[in-house]
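# starting from these lines, generate the structure:
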Amino acid sequence: MALSIAAIIKGKDDIAVGRVENLSLSGLYVRLRNQIFISPEELVIVDIYLNDSDSCYSILTLHGRAVRVTETGVGVQFRPMALSDQNRLKGLISLVSEDEGVADEDAMSLQLSF
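From the prediction side, this is the model:
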């Protein structure tokens with residue numbers, strides 16, 4: 001089963017959609033499908049989705065700050081989150097790590113290639 005992670009990033013005046021290429025407990029990097037007008041340091045809301053070949057599942061909504069914005073992507077640093085959200089994020093990282101064949105089961109950071 002091939003899994004991928006998508007994200008919708010909502011800024012003050014714009015929404016960005018793309019695939020997650022880098023994911024950790026502290027943040028993520030999303031390769032964008034559309035040009036965005038989110039400014040560096042802007043507070044954002046990130047909706048994370050897990051896709052398999054048949055369906056798309058909403059996994060988690062987190063708050064963060066845009067720390068890197070380019071024409072092709074945006075990096076978000078997560079704000080402090082509830083323990084339950086942190087555990088869900090750990091589970092997501094572990095699930096995708098297994099699917100990608102990552103050897104270190106305790107890895108809490110994942111570089112995804114699409």
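# would you mind measuring from Gly18 to Thr72?
Between Gly18 and Thr72 the computed distance is 9 Å (C-beta to C-beta, to the nearest Å). Just so you know, the C-beta spots here come from the backbone N, C-alpha and C atoms, and that holds for glycine as well.
# which residues do these two both contact?
31-32 (C-beta atoms under 8 Å, 6 or more residues apart in numbering).
# who's more crowded, the two?
Shown here are Gly18 and Thr72; by other C-beta atoms under 10 Å, Gly18 has more neighbours (20 against 10).
# now do the SS call for the more buried one.
Using DSSP: H, G, I helix; E, B strand; the rest coil, the structure places Gly18 in strand.
# right, and it touches Gly75 too?
No. Judged on C-beta atoms under 8 Å, Gly18 makes no contact with Gly75 at a distance of 11.6 Å.
# quick check: neighbours shared by the two?
With C-beta under 8 Å, 6+ apart as the test, Gly18 and Gly75 both reach Val30.
# skip ahead from the biggest strand by length in the chain and say which helix or strand is next.
Of all segments of type strand in the chain, defined using DSSP state E, the longest is strand 56-69. Sequence order places strand 73-78 as the next helix or strand after strand 56-69, per DSSP states H and E.
# which helices and strands does the helix or strand following that next one pack with?
Sequence order places helix 83-100 as the next helix or strand after strand 73-78, per DSSP H and E. Counting contacts by 3 or more C-beta pairs under 8 Å, 6 or more residues apart in numbering; DSSP states H and E, helix 83-100 is packed against strand 15-24, strand 43-51, strand 56-69, strand 109-111.
# switch those over to TSV; also include distance to Arg33.
Listed next are those as TSV, based on distance: least, C-beta to C-beta, whole Å:
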stretch	distance to Arg33
strand 15-24	5
strand 43-51	13
strand 56-69	14
strand 109-111	20
